[in-house]
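Chemist: let's see this in three dimensions:
(2 chains, ligands or ions: 2)
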Amino acid sequence: MQASSVEIRKVNKFYGPFHALKDVDLNILPGKVTCLIGPSGSGKSTLLRCVNFLEEYDSGEVRIDGQLIGYDAPGKKMSGRKLREMRRSIGMVFQQFNLWPHMTALENVAEGLIRVRGLPKAEAQERASAALTKVGLADKMQNHPSRLSGGQQQRVAIARAIAMEPRLMLFDEPTSALDPELVGEVLNVMKTLASEGMTMVVVTHEMGFAAHVADQVAFMEKGELVGCDTPSRILHQPDDPRIQSFLRTYHERNSF
Amino acid sequence: MDFSIFQQYGPALLKGFANTILCWALGTVLGMALGLVIALIQRYAPRPVRWIVQAYIEIIRGTPFLVQLFVLYYGGPLIGLRLDALPAGLLGLTIYGSPYFAEIFRSGFRAVPHGQIEAARAIGMTEMTIVRRILLPLGLVSALPALINFSIILTKETVILSIITVPELMYQVNRMSTETFRYLEANLVLALFFWVLVETISRVGRRLETRITKHLIERT
Ligand SMILES: Nc1ncnc2c1ncn2[C@@H]1O[C@H](COP(=O)(O)OP(=O)(O)O)[C@@H](O)[C@H]1O
Ligand SMILES: [Mg+2]
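Modeler: Ligands and ions are numbered 1, 2, ... in the order given. Presented below is the predicted three-dimensional model:
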C-alpha cells in the first residue's frame, strides 16, 4: 500500500456571510496520523470534508499527492468523473456510521467494490469478507446494520472504506456516537490501520488516542488552525492560551 | 329488499367490478410510474424543467378529477386525441394520481438520511448508481405506507369514470338501478364490492410493509 500526502494551503470556506475556514494551512505526510481537535463548531468537520471535496472550499488549495482536488485550476471545477476517480483512494468514516440499512454488512462492504471498482460479485464478496474479518466481524457478515451494535456498525464502516484500498483515510469523530464501552474496539481497529502505515486524518475528542497514536495534533478554533505540532507539544505544553483554555475545560469535564 | 334481480344483473356487475379493478390497478401503476419520474425530475433536473413540471402539478392538483376527465374525453378530439371511454379513463386516472404520487415519492426521498448518500459519494459512486442503489430502495420503503394509502383513495375515484361511460362497477350499478328501480340493493352491492377491494389492498399492503421493513427496524 502506498500512502498519500495531503497539502492544505490557505483554504477559505464561507457559508453565506459566515467565514467557516480562515486561511487554513496544514501539511499531512504520507503514513502519518494527524488528529484534529478543537471546540465544537470550530470547523474541524468542514476542513476534513474539504479534503475529499464533500465540502467545496472557496479559495486556496487542497492537494492529494500533489494533485489539486475539486478544481482543475483556481475557480474551475473539476469534472465529476475526475473527482470520483480521486475519491476512490480516499476512505471516509463518519460519526453516524452511515451504513446502508437495506444491505447486510457484507453487502455494504462489497457495494463499492462492485459498483465503483467494477469487480465481479464473487471477488468483491471475497475481498469484503477479508476486510470484515480484519475488523473482527467475520461472524457478523450476514447481519443488517439494525442487528449490529454501534461499535460493530462503525467497524463495518471502516471495513467498507478499507476494502476500496484507499491511500488516505478520513475519520470524523468516529467514536462520538458510541457508548463508552464500545469506543475501545473502534480505536483498536484504527490503531492497527495506523501501524500499517495508512495516512490518517482524525477529528476526535479522544485525547488519549491523540496523545498515543497521532504523529501530529492540529488545534482549530473559530475557523482558524491555531497550532499544529507533536502531540506532547500541543497536549502537554501548549503555548497558545486558546489551546490551554480548551484543554482546561476538557480536563475539568473529564475529572470526577 | 329483494335480491333476486341479481340473477339477471350478476354477470354485468361482476364484469363491471373486473373493469373497476383493471382501471384501478393500471391507473395506480401508471400514475405511480409517472409520479416517480416527476419526483426524480424535481430532484435532479435543471430549474426551467422543474418549473414546467411544477406548473403541471399545480394544474392537476388544483382541478377536480371530473373536469379533467371531461376535458380529456370531450375536449381531446378537438386536438386530435380521440380515445375510447376505457383508455380515456385510464389515462385520466394516471394523470390525476401522478402529482400526489410524486409528492409521496419526494418526501420518501427526503427521508433518506443525507449521510448515507454522502457515504456513497465518498467512495466514488456516480449519482445514477446512488439513485438506483441507495435513494430508490430506501426512499420507496419510507414512501410505502403513503403509497398504499393513496392507492386506496384511488379505488374510490374510479366511480367517476362511469360519467364518461367506462363500463365499470358504478356504471353497471346505475344501469341496474334505472332499469329496475332497485337503488338500495344496487348500491349496497357496490359498497360490498368496494369494501372487499379496499380490505384486500390494505391487507396485502400491510404484509408488504412488514416484509420490506423487517431489516430496517432498529432492534432495541
Ligand atoms: N451547511 C452549513 N451551512 C451553514 N453553516 C454551517 C454548515 N456546516 C457547518 N456550518 C457552520 O460552520 C461552523 C463549523 O462547523 P463544523 O465544521 O461542523 O464544526 P466542528 O466539526 O468543528 O464542530 C459551525 O459554526 C457551523 O454552524
Ligand atoms: Mg464536527
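
Chemist: which residues sit against the lowest-mean-pLDDT helix or strand in chain B?
Modeler: Of all the helices and strands that make up chain B, the one with the lowest confidence by mean pLDDT, DSSP states H and E is helix B:169-180; it has a mean of 86. Residues outside helix B:169-180 that contact it (Cβ atoms under 8 Å, 6 or more residues apart in numbering or on different chains): B:5, B:9, B:12-13, B:15-17, B:19-20, B:158-159, B:161-162, B:165, B:182-183, B:186-187, B:189-190, B:193-194. Glycine gets a C-beta too; all of them are placed from N, C-alpha and C.

Chemist: show me which residues of stretch B:128-145 are buried.
Modeler: Within stretch B:128-145, the residues that count as buried by 16 or more other Cβ atoms under 10 Å in any protein chain shown are B:129-131, B:133-144.

Chemist: residues contacting B:Thr129?
Modeler: By Cβ under 8 Å, 6+ apart, the contact list for B:Thr129 reads A:Arg115, A:Val116, B:Ala120.

Chemist: what about 6 Å?
Modeler: Counting by Cβ atoms under 6 Å, 6 or more residues apart in numbering or on different chains, B:Thr129 makes contact with A:Arg115.

Chemist: same check, this time on B:Glu168
Modeler: B:Glu168 neighbours (Cβ under 6 Å, 6+ apart): B:Gly16, B:Asn19, B:Thr20, B:Cys23, B:Thr158, B:Leu161.

Chemist: ok, and the closest non-adjacent residue to the last one?
Modeler: Leaving aside its chain neighbours, B:Leu161 sits nearest to B:Gly89 (4.0 Å; criterion: Cβ to Cβ, 6 or more residues apart in numbering or on different chains).

Chemist: which strands or helices does the helix or strand that contains A:Ala122 pack on?
Modeler: In this structure, A:Ala122 is located in helix A:121-134 according to DSSP states H and E. Using 3 or more Cβ pairs under 6 Å, 6 or more residues apart in numbering or on different chains; DSSP states H and E as the contact definition, the elements that helix A:121-134 packs against are helix A:105-115, helix A:150-162.

Chemist: ok, longest helix in chain A?
Modeler: Using DSSP state H to define each element, chain A has its longest helix at helix A:180-195.

Chemist: hmm, I typed the wrong one, I wanted chain B.
Modeler: Per DSSP H, chain B has its longest helix at helix B:6-44.

Chemist: please save the CA atoms from the helix or strand just after that helix in PDB.
Modeler: If you walk from helix B:6-44 toward the C-terminus, the next helix or strand you reach (DSSP H and E) is helix B:47-61. Once non-C-alpha atoms are left out, helix B:47-61 reads as follows in PDB (Å, rounded to 0.1, in the frame of the first residue of the first chain):
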ATOM      1  CA  ARG B  47     -34.500  24.800 -12.900                       C
ATOM      2  CA  PRO B  48     -36.600  25.600 -16.000                       C
ATOM      3  CA  VAL B  49     -37.600  22.000 -16.400                       C
ATOM      4  CA  ARG B  50     -38.600  21.900 -12.700                       C
ATOM      5  CA  TRP B  51     -40.800  25.000 -13.200                       C
ATOM      6  CA  ILE B  52     -42.700  23.400 -16.000                       C
ATOM      7  CA  VAL B  53     -43.300  20.200 -14.000                       C
ATOM      8  CA  GLN B  54     -44.300  22.300 -11.000                       C
ATOM      9  CA  ALA B  55     -46.900  24.000 -13.200                       C
ATOM     10  CA  TYR B  56     -48.300  20.600 -14.300                       C
ATOM     11  CA  ILE B  57     -48.500  19.600 -10.600                       C
ATOM     12  CA  GLU B  58     -50.400  22.700  -9.600                       C
ATOM     13  CA  ILE B  59     -52.900  22.400 -12.500                       C
ATOM     14  CA  ILE B  60     -53.700  18.800 -11.900                       C
ATOM     15  CA  ARG B  61     -54.000  19.200  -8.200                       C
END
